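**Student:** I would like the atomic coordinates for the input below:
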Amino acid sequence: MELVKIIQLSSDPEAEREVRSFESLSKLGYRYIRMINPRYSEFPPAHNVFDGRVDWIVGITKPDPNKFGLTSGHYGAWQGHTSCILSSFCDDDYTIICECDCIINVNDDHFRDMVSEAINAIKMGYKIARFEGTTPQCNVGKKISDNMWECDLLTLGHCYMISSRDMYWWVEKIRSVGWHTPDWWLNFVFERSGEKMACFGDSVLTKQASGFSLIDNTEREEKLR
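**Tutor:** Prediction:
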C-alpha cells in the first residue's frame, strides 16, 4: 500500500473554518501534519516577484479586495505553500497539500478512491494531481484514467497531491519561478515547464469553507470552484 500524508497550511487553528477543515480532513485516516504559517505583515518583497512584476504589488493589503494586485497576504500564502511542498519531501511518500479552509465535498470512501487514482496519475509521470474542480478558464485535455484528465490550469490551490519522487524538480521551480498567489504560481510553474497537470474535471471533490480571508482581508462565502 502506498503511503499518503496530509500537510495542511494553517494560520489560526481556532478559527471556525479551520476547525471545520480539520474535522473533514481527519476523517480520511491519513497521517496529518499541520504547519502554522503566521500572517505575513511586512511590505511584500520585490526582488523575487514573478517575472519582476513590481507593478503588480499593491502593498500590505488591497484597497479593493475584488481587484487584482499582489499583497503581503499573497506572499505569505506563497511562502506557506512552498514550505509545505519542501516539508513533504522528508518522507518517501505521496502528500496531499491543503489550505486552511479545505473541506472534502464527497463521502470519505469516494475521496480515498480518487486519491488512489491520483497516485496512479503521478506514477504515469504527472507531477501534480489537483482535487479542485475546474473552471471555464481551464483547458481540459486528454482523458488519462476513469476519472482524470490532463489540464493546463486551475484557479484554486486548496488541495493537490505531489510526490517525493519529484523533489528536485519542485526545488528548482521554487528557486526559479518568482512568487505570486499560490494557485497562479502553480499554473505558471507548469506553463513555463511545458508540463500538464492531472485533474478530476468537473468533479467537485473539495470546497473552501466560508470565513475571513487573510489574503483578501474580507469575509468570503463557501466556494466550490
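
**Student:** find the nearest non-adjacent residue to Val54, please.
**Tutor:** Nearest in space to Val54, with sequence neighbours left out and distances taken as CB to CB, 6 or more residues apart in numbering, is Ala46 at 4.7 Å. For every residue, glycine as well, the C-beta is placed using N, CA and C.

**Student:** same check on Ser193?
**Tutor:** Once flanking residues are discounted, Ser193 sits nearest to Lys173: 7.1 Å by CB to CB, 6+ apart.

**Student:** tell me the secondary structure at the one you found.
**Tutor:** helix (DSSP: H, G, I helix; E, B strand; the rest coil).

**Student:** same check, this time on the one 10 residues further on
**Tutor:** The assignment at Asp183 comes out as helix when based on three-state DSSP.

**Student:** next, count neighbours for it.
**Tutor:** 20 (other CB atoms under 10 Å).

**Student:** wait, it sits on Leu154?
**Tutor:** Yes: in this structure, Asp183 is within contact of Leu154 by CB atoms under 8 Å, at 6.8 Å.

**Student:** how about the residue nearest the centre of the chain: what's its closest non-neighbour residue?
**Tutor:** In the chain, the residue lying closest to the centroid (CA atoms, centre = their mean) is Gly157, at 3.2 Å. Nearest residue to Gly157 in three dimensions, chain neighbours excluded: Asp183, at 3.4 Å (CB to CB, 6+ apart).

**Student:** hang on, the earlier thing: relative to Ile57, how far out is the residue nearest to Val54?
**Tutor:** 6 Å (CB to CB, to the nearest Å).

**Student:** which of those two has more neighbours?
**Tutor:** Neighbours were tallied for Ala46 and for Ile57 using other CB under 10 Å; the higher tally belongs to Ile57 (18 against 14).

**Student:** how about Glu195: what's its closest non-neighbour residue?
**Tutor:** Lys127 (6.0 Å).

**Student:** mind checking the SS state of the one you found?
**Tutor:** Strictly by three-state DSSP, Lys127 counts as coil.

**Student:** what does Val58 give?
**Tutor:** Going by three-state DSSP: Val58 is strand.

**Student:** follow-up on the earlier one: would you list the phi and psi of the residue nearest to the centre of the chain?
**Tutor:** Here is the backbone geometry of Gly157 (degrees, to the nearest 10): phi -140, psi 40.
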